[in-house]
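K.L.:
Return atomic coordinates for the entry below.
(chains A and B)
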Amino acid sequence: MSAGSAIYGIVARDLARTTRQTSRFLGGLVRPFMWLLLVGTGYNAIARLESGLPYYAFVFPGIVVMASLFGAMLTAIGTVYDREFGMLRLMLASPAGVPAVLAGRATAAALVGIVQGGVVLACAGLILDVTVGQWVTALGVLVLASAVSALLGLLVAARLRSVENFAGVINLVLFPLLFVSGALYPTAGMPAPLRLLARVNPVTYQVDLLRRAFGQPAEFTLATELLALVAATLLAFTLTALLFDPEQRFVGSRRGNGKR
Amino acid sequence: MIGGEPAIHTEGLGRDYGAVRALDSLDLDVPPGALVGLLGPNGAGKTTAMLLLATLLAPTRGSARIFGHDTVRERRAVRRRLGLVFQETSVDGLLTVEENLRFAGRLAGLGGRELRGAVATAIERAGLGPRAREPVGRLSGGWRRLADIARATLHRPDLLILDEPTVGLDPEHRELVWRILASERRERGTTILFSTHYLSEAEPAECVVLLSRGRAVANDTPTALRAAVGAEVAEIEGPGAERLVRALRGLGATTAVLRTEQGYRVGIGGPREAVVELAGGAPGIERLALRPATLEDAYFASTQDGAA
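P.N.:
Residues are numbered from 1 along each chain as shown, chains lettered A, B, ... in the order given. Below is the predicted model of the structure:
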């Protein structure tokens, strides 16, 4: 009971914070449309895909995943702000403890990912010929993709010591996850090492599953996609639980400034 | 009803950060309903002791029990009884006062009508009514701290642990903070453990623990701690101060000697007449003042390196 109440409280707070950081929230909503417009228009003129799809149609699922990935991961990584500014210890000192904190943060981050990806998804009819069934299936995929991205974000936050590393995380984690996923261009044409990286990148399977939902050609089988995403979810959750150090904030600050 | 277990019981409680021994060994027994001050210089181990009691750090050695519950093995049971205030306020600047309290209530497991009632009561008790709908980030430091105190007391905990709750506050807000805490004790018999650098705040405490370099160097009532310094304290200044202090020591009239920037503070253990007579004939004494011992004298006598 107390865990449920704590999770609800954490989710409500995170969502309130997200909507009040107006420029960041609107930026997250606008970013995918800018990519669709700028990258999509540029590549549409030169790209000739084996599947025969126009580039706009090919990249659209990738852009939905990108919106969800950035929304969910950045919200989850925001845990490091709470660690830095003292709110995390408040949550950790609650009777619900670490599991509720992780569950609450993951749920809130996934919801932000769903909203940001969902806004793009709502415009699917402008780019693709989609049936209601395909749209609903795509929404289901978006929920799964956002959950995976939220847990990946928590995994990053588990060991991130300070907010100063935030920009580095975006450059070193988010962009590689996106670029080596087939979201913007097919992985088939990539050099072998990058293709290998794409195979172990959970975002690859999110994109592939979403393409399948829209009736586009998929690179992997449905079973492979689902298995990969479930495995990534379980792995990320287990690693986060193992790596998340409730004492990190206190021990780190004391080693740093000698305060006791 | 709190029951017969001590609110806080520690045995040899200690914590290291790598090679640094932050808290060496703390033995503490605090009965339910007590007001206990934890005093000491920066780096003495106060915050570490509080984090250990709050279950946010695991001890390197020793053990602690809160109302009979072990802080390592029964964390959840301990946390249900606790209200915590840290040195930096733990309220979210983007949320309103009311939203912060609702968040804290939900973390404590409250919901529905119980939560609404607790939030309304906490706002009223802290005098935050006119500011309840304002984002905390727009409040002054004093009101933010009061929102923090309202947050910590919202679920009516049996034990409040407050790490320098009044640091940086003006006298008006300091008084408001202590008024809220006093009403918690009066109405619910709440046990309060607090640290502070304002020594006057520790005067009303039933017990004061003085920490120095990770060890409790004194643990008694403020009256007993003052008495240990002596009935009176002599403030001695001038080039002949050191010689006079040596002479007083020779008489066996001193209980504690503290070096200050201007001279010495000496706890007087013997009859004051002998001290006055000896000082009256001593050369190079520019100022000699006798006054009752304070908690500050006891603090410096126990924690200062130059204490003798």
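
K.L.:
When you work out contacts or count neighbours from here on, use the C-alpha atoms and nothing else.
P.N.:
Noted.

K.L.:
Following element in sequence after the strand or helix carrying B:Asp29, please.
P.N.:
Using DSSP states H and E, B:Asp29 falls within strand B:20-30. Later in the chain than strand B:20-30, the nearest helix or strand by DSSP H and E is strand B:35-39.

K.L.:
near chain A at all, that following strand?
P.N.:
No. Using C-alpha under 8 Å from any C-alpha of the partner chain, strand B:35-39 stays clear of chain A, with a minimum separation of 12.6 Å.

K.L.:
before we move on, what about stretch B:163-171?
P.N.:
No. With C-alpha under 8 Å from any C-alpha as the criterion, chain A is not reached by stretch B:163-171; the gap is at least 11.5 Å.

K.L.:
Now do the end-to-end distance for that stretch.
P.N.:
18 Å (C-alpha to C-alpha, to the nearest Å).

K.L.:
In that stretch, which of the residues would be classed as buried?
P.N.:
B:Asp163, B:Glu164, B:Pro165, B:Thr166, B:Val167, B:Leu169 (16 or more other C-alpha atoms under 10 Å in any protein chain shown).

K.L.:
and what of stretch A:104-115?
P.N.:
Result for stretch A:104-115 [16+ other C-alpha under 10 Å]: buried residues A:Gly104, A:Arg105, A:Ala106, A:Thr107, A:Ala108, A:Ala109, A:Ala110, A:Leu111, A:Val112, A:Gly113, A:Ile114, A:Val115.

K.L.:
Which single one of those residues is nearest to chain B?
P.N.:
Using C-alpha to the nearest C-alpha, A:Gly104 comes nearest to chain B of the buried residues of stretch A:104-115, at 10.8 Å.

K.L.:
Not counting residues beside it along the chain, what's closest to the closest one?
P.N.:
Of all residues not flanking A:Gly104 in the chain, A:Ile7 sits nearest, at 4.4 Å (C-alpha to C-alpha, 6 or more residues apart in numbering or on different chains).

K.L.:
Now name the helix or strand holding the one you found.
P.N.:
Counting by DSSP H and E, A:Ile7 is part of helix A:2-20.

K.L.:
and the lengthiest helix in chain A, what does it pack onto?
P.N.:
Of all the segments of type helix in chain A, defined by DSSP state H, the longest one is helix A:132-159. Helices and strands touching helix A:132-159, by 3 or more C-alpha pairs under 8 Å, 6 or more residues apart in numbering or on different chains; DSSP states H and E, are helix A:55-77, helix A:79-84, helix A:97-121, helix A:202-213, helix A:222-243.

K.L.:
Once you drop chain neighbours, what's closest to A:Thr75?
P.N.:
Closest residue in space to A:Thr75, ignoring its immediate chain neighbours: A:Ala109 at 5.1 Å, by C-alpha to C-alpha, 6+ apart.

K.L.:
Please apply the same query to B:Val275.
P.N.:
B:Leu248 (7.1 Å).

K.L.:
contacting residues for the one you found?
P.N.:
B:Leu248 sits next to B:Thr254, B:Val275, B:Leu278 when contact means C-alpha atoms under 8 Å, 6 or more residues apart in numbering or on different chains.

K.L.:
Just the element for it, please.
P.N.:
Per DSSP H and E: B:Leu248 is located in helix B:241-251.

K.L.:
List the buried residues for that helix?
P.N.:
B:Ala241, B:Glu242, B:Leu244, B:Val245, B:Ala247, B:Leu248, B:Arg249.

K.L.:
and the first one, what does it touch?
P.N.:
Residues in contact with B:Ala241 (C-alpha under 8 Å, 6+ apart) are B:Gly263, B:Tyr264, B:Gly284, B:Ile285.

K.L.:
Report the two of these separated the most.
P.N.:
With C-alpha to C-alpha as the measure, no two of these lie farther apart than B:Tyr264 and B:Gly284, at 13.5 Å.

K.L.:
which residues does the spatially most central residue of chain B bridge with?
P.N.:
Centrality entry for chain B: nearest residue to the mean C-alpha point is B:Ser195, 2.4 Å, by C-alpha atoms, centre = their mean. Beta-bridge pairing of B:Ser195 under DSSP bridges involves B:Leu38, B:Asp163.

K.L.:
for it, what are its contacts?
P.N.:
B:Ser195 touches B:Gly37, B:Leu38, B:Leu39, B:Lys46, B:Leu162, B:Asp163, B:Glu164, B:Pro165, counting by C-alpha under 8 Å, 6+ apart.

K.L.:
again, but for A:Thr233
P.N.:
Counting by C-alpha under 8 Å, 6+ apart, A:Thr233 makes contact with A:Ala147, A:Val148, A:Leu151.

K.L.:
Not counting its own residues, what contacts the helix or strand hosting B:Tyr264?
P.N.:
Following DSSP H and E, one finds B:Tyr264 within strand B:263-268. By C-alpha under 8 Å, 6+ apart, the residues outside strand B:263-268 that reach it are B:229-238, B:241-242, B:245, B:253-259, B:293.

K.L.:
Just those: which are in helices?
P.N.:
Those of these lying in helices (DSSP H): B:Val229, B:Ala241, B:Glu242, B:Val245.

K.L.:
Turn those residues into CSV, columns for distance to A:Gly168 and pLDDT.
P.N.:
Converted to CSV, the ones in helices among the contacts of strand B:263-268 look like this (distance: C-alpha to C-alpha, whole Å; pLDDT from 0 to 100):
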residue, distance to A:Gly168, pLDDT
B:Val229, 57, 86
B:Ala241, 61, 89
B:Glu242, 60, 89
B:Val245, 62, 88
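
K.L.:
so which of the residues you listed comes closest to chain A?
P.N.:
Of all those, chain A sits closest to B:Val229, with 26.9 Å by C-alpha to the nearest C-alpha.

K.L.:
Ignoring the adjacent residues along the chain, who's closest to that closest one?
P.N.:
Closest to B:Val229 by C-alpha to C-alpha, 6+ apart is B:Gly267, at 5.2 Å.
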